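Sequence and predicted structure below; questions after.
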Amino acid sequence: MAKSNPKKHVQLLSPENYIRQKSRNLPIYECRINSDWKEGQLASIILSRVHSNGNISFSIYLVDLGCLGVKDSLYYFNMPSDEYQDYIEKFEDKLPSETISYELAHNIVYAGIQFAEEYGFKPCKEFTSVTKYMLEEDTDGIELIEIEVGAKDGNPLYINNGYETPTKVNQILKQLEKTAGVGNFTFIDNVAGFEDEEWEEELAEMTLQELKDQFGELNSKGIENLTKDEIVKFNEISDEIYVHLSSGEKVDEYFDSWQNELDLELDVNYNNEFIGVDTNFVITDKLLKIIDETILQIDKKPEKADKKIAELEKLIGKTHFIAFLRLEVIKQLSTSEYIKQLKEYTAEFPDCSMLKLIVVLEKCFSNESETTVPTFESIFENRRSITLFEMYRYWNDKLIMIASQDDINQLEAFYLFLDEININEELIDLLKSTTSLMRILFLEKYLSNE
């Protein structure tokens, strides 16, 4: 067992919380922007602040002044000044930039945000959760500078330079048709070739029945037998069918109802709360390695994972995390024992978030009662920080439950919402792959029942 530290425990702020709470107290170091931002209406802004130790924290804002606003943002915390200068030099090699005043940088960011909001586009998650706090508050105290936004006629301008996926491009265009109106915006596609344009025109002119016929024809071949181009077309046909069958209003309601679930602070490691130990318990690299090895073995070699769990229990005691892991192993070995053990563990650890999630998932596939899709509040209650592992499991299980509801609007909302979820790229790709499969299975079922 790890020994508790007799010294006074000092709670250090995470980089995210430091930026939220204290970054505005740091002096501005410099503001930089790509030199061609006016011509392309796409601004890459670097705003840096200097710490008392000479280190630099900075945020980058990718601002589309045509219509999308802040569509990407990231931050670097407490970087040594020489590393910061190296970063700027590499940035300059790719994108020549120039120094600007803080006031101009501020006005560019918020002009983009305000114009985008008129057409239903919100700033990216990283901006709203962290990087906006690197900026000063948007008050009358900031000098107002007029920034040109949109096209020359004042309407939205969307230029596709390949930054968004084809599906995302279609979503943006549909949003503009809805909020600005057909013919009231300019779209410039710098990516699609002639053949793509022909296909897009053909796709746009298809009736719902023609889309269904095309879906059925491609689906009958088996996805594994489709060419790369056919897979692209198959996905785009599926997207179009969902647009026809779903209600935009209901999709928006689901989408908006999940926005508050993006506000929790994410801990990339297994923290003390998750594994069920007190705050003074020291989580070592060795312990983290054992946990990773155990989780990886559960599906492949459950018997070996069970031995690892016993090793873990000697280190941390019999916690709700141990109960959760044992339950995962039992599920692989014995269904009847699994249900029995689930009841025992949930009675012993009623506040364990992972066990609560399992209970809801089990109810979803039983005939006991109609189960609603869980919310963060119902699973994590008042917690403000969850681990990456929990986040992924929550969204993956939520997807499974949504798919079981046979609610096309909820499934479509989840598909669109994936771009908002802030977990690492590998896990997001897994969720997107699973969601795409669920959508196809839903359409197979829907079309076969017509």
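On my side now, so go ahead.

Surely Glu420 and Leu262 touch.
Yes. When contacts are counted by Cβ atoms under 8 Å, Glu420 is listed as touching Leu262 (6.0 Å). The way it works is simple: take the backbone N, C-alpha and C, and place the C-beta from them, glycine included.

what sits in contact with each of those two?
Lys125 (Cβ atoms under 8 Å, 6 or more residues apart in numbering).

Strands of the stretch 151-300 of the chain, start to end?
Counting by DSSP state E, counting those that start in this stretch, the stretch 151-300 of the chain has strands at residues 157-160, 186-189, 265-267.

got JSON lines for those strands, with distance to Trp199 too?
Below are the strands of the stretch 151-300 of the chain laid out as JSON lines (distance: least, Cβ to Cβ, whole Å):
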{"stretch": "strand 157-160", "distance to Trp199": "15"}
{"stretch": "strand 186-189", "distance to Trp199": "12"}
{"stretch": "strand 265-267", "distance to Trp199": "39"}
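
Compare the ones you listed and say which comes out lowest on pLDDT.
Mean pLDDT per stretch puts strand 265-267 lowest among the strands of the stretch 151-300 of the chain, at a mean of 75.

Walk me through which strands that strand pairs with, and which way each runs.
strand 385-387 (parallel) (DSSP bridges).

which residues touch the strand it pairs with?
264-271, 273-274, 353, 380, 394.

May I have the secondary structure class of Ile145?
Of the three states, Ile145 takes coil under DSSP: H, G, I helix; E, B strand; the rest coil.

Give me the three-state assignment for the closest residue to it other than its chain neighbours.
Leaving aside its sequence neighbours, Ile145 sits nearest to Asn107 (Cβ to Cβ, 6 or more residues apart in numbering; 4.2 Å). Counting by three-state DSSP, the backbone at Asn107 sits in helix.

so Asn107 touches Glu148, yeah?
No. In terms of Cβ under 8 Å, Asn107 does not count as a neighbour of Glu148; the distance is 11.1 Å.

Could you check which of the two has the larger neighbour count?
Asn107 (18 against 12; other Cβ atoms under 10 Å).

and Ile60, what element?
strand 56-64 (DSSP states H and E).

Tell me the buried residues in that strand?
Ile56, Ser57, Phe58, Ser59, Ile60, Tyr61, Leu62, Val63, Asp64 (16 or more other Cβ atoms under 10 Å).

The third one touches His51, doesn't it?
No. With contact defined as Cβ under 8 Å, Phe58 and His51 do not form a contacting pair (11.1 Å).

where does this protein dip in pLDDT?
Scanning the chain for pLDDT under 70 picks out the ranges 1-13, 192-197, 263-264, 367-371, 384, 450.

domain ranges for it?
Using automatic domain parsing, the domain parsing of the chain gives 11-191, 200-245, 259-448.

of the contacts of strand 385-387, buried ones?
Leu264, Leu266, Asp267, Tyr270, Glu273, Phe274, Ser353, Phe380, Tyr394.

got a list of what the third one touches?
Residues touching Asp267, when contacts are defined by Cβ under 8 Å, 6+ apart, comprise Phe274, Ser385, Ile386, Thr387, Leu388.

The fourth one: how many residues sit nearby?
Meaning Thr387. 19.

swap in the third one?
Residues contacting Ile386 under the criterion other Cβ under 10 Å number 21.

That one and Ile421: what is the separation?
Relative to Ile421, Ile386 is positioned 13 Å away (Cβ to Cβ, to the nearest Å).

okay, how far is it across stretch 53-73, tip to tip?
25 Å (Cα to Cα, to the nearest Å).

re the thing from before, tell me which of the strands of the stretch 151-300 of the chain is the most buried.
For those, average neighbour numbers computed from mean count of other Cβ atoms under 10 Å are highest in strand 157-160, which has a mean of 20.

contacting residues around it?
Here strand 157-160 has contacts from 40-42, 66-68, 150-151, 169, 172-173, 176, 185-192, using Cβ under 8 Å, 6+ apart.

just the buried members of the residues you listed?
Judged by 16+ other Cβ under 10 Å, buried ones among these: 41-42, 66-68, 150-151, 169, 172-173, 176, 185-186, 189.

Just the residues you listed: which are in helices?
The helices, defined by DSSP state H, take in Val169, Ile172, Leu173, Leu176 from the buried ones among the contacts of strand 157-160.

Lys398: which of these is nearest?
In terms of Cβ to Cβ, no member of these lies closer to Lys398 than Ile172, at 25.2 Å.

so after the strand holding Ile60, what's the next helix or strand?
strand 69-79.

Residues contacting whatever helix or strand comes next after that next one, please?
Next along the chain after strand 69-79, taking DSSP H and E as the criterion, comes helix 81-94. Outside of helix 81-94, the residues within contact range by Cβ under 8 Å, 6+ apart are Arg32, Ile46, Ser48, Val50, Gly54, Asn55, Ile56, Phe58, Tyr76, Met79, Ser97.

and the last one, what does it touch?
Right, the one you point to is Ser97. With contacts defined as Cβ under 8 Å, 6+ apart, Ser97 is in contact with Arg32, Ile33, Asn34, Ser35, Ser44, Ile46, Phe91.

try 10 Å this time
Ser97 sits next to Cys31, Arg32, Ile33, Asn34, Ser35, Asp36, Trp37, Ser44, Ile45, Ile46, Ile88, Phe91 when contact means Cβ atoms under 10 Å, 6 or more residues apart in numbering.

and whatever helix or strand the second one lives in, how far out from the chain's middle?
With secondary structure defined by DSSP H and E, Arg32 is part of strand 28-34. Relative to the chain's own centre, strand 28-34 is displaced by 28 Å; criterion: Cα atoms, centre = their mean, to the nearest Å.

what's the answer for stretch 248-264, then?
On Cα atoms, centre = their mean, the centre of stretch 248-264 falls 13 Å from that of its chain.

quick one: buried residues of that stretch?
Of the residues in stretch 248-264, Val251, Tyr254, Phe255, Trp258, Glu261, Leu264 count as buried by neighbour count, 16+ other Cβ under 10 Å.

got these as JSON lines, with distance to Val373 columns?
Below are the buried residues of stretch 248-264 laid out as JSON lines (distance: Cβ to Cβ, whole Å):
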{"residue": "Val251", "distance to Val373": "15"}
{"residue": "Tyr254", "distance to Val373": "9"}
{"residue": "Phe255", "distance to Val373": "13"}
{"residue": "Trp258", "distance to Val373": "10"}
{"residue": "Glu261", "distance to Val373": "11"}
{"residue": "Leu264", "distance to Val373": "17"}
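
between these, which is nearest Asn449?
Closest to Asn449, out of all of the buried residues of stretch 248-264 and judged by Cβ to Cβ, is Val251, at 21.5 Å.
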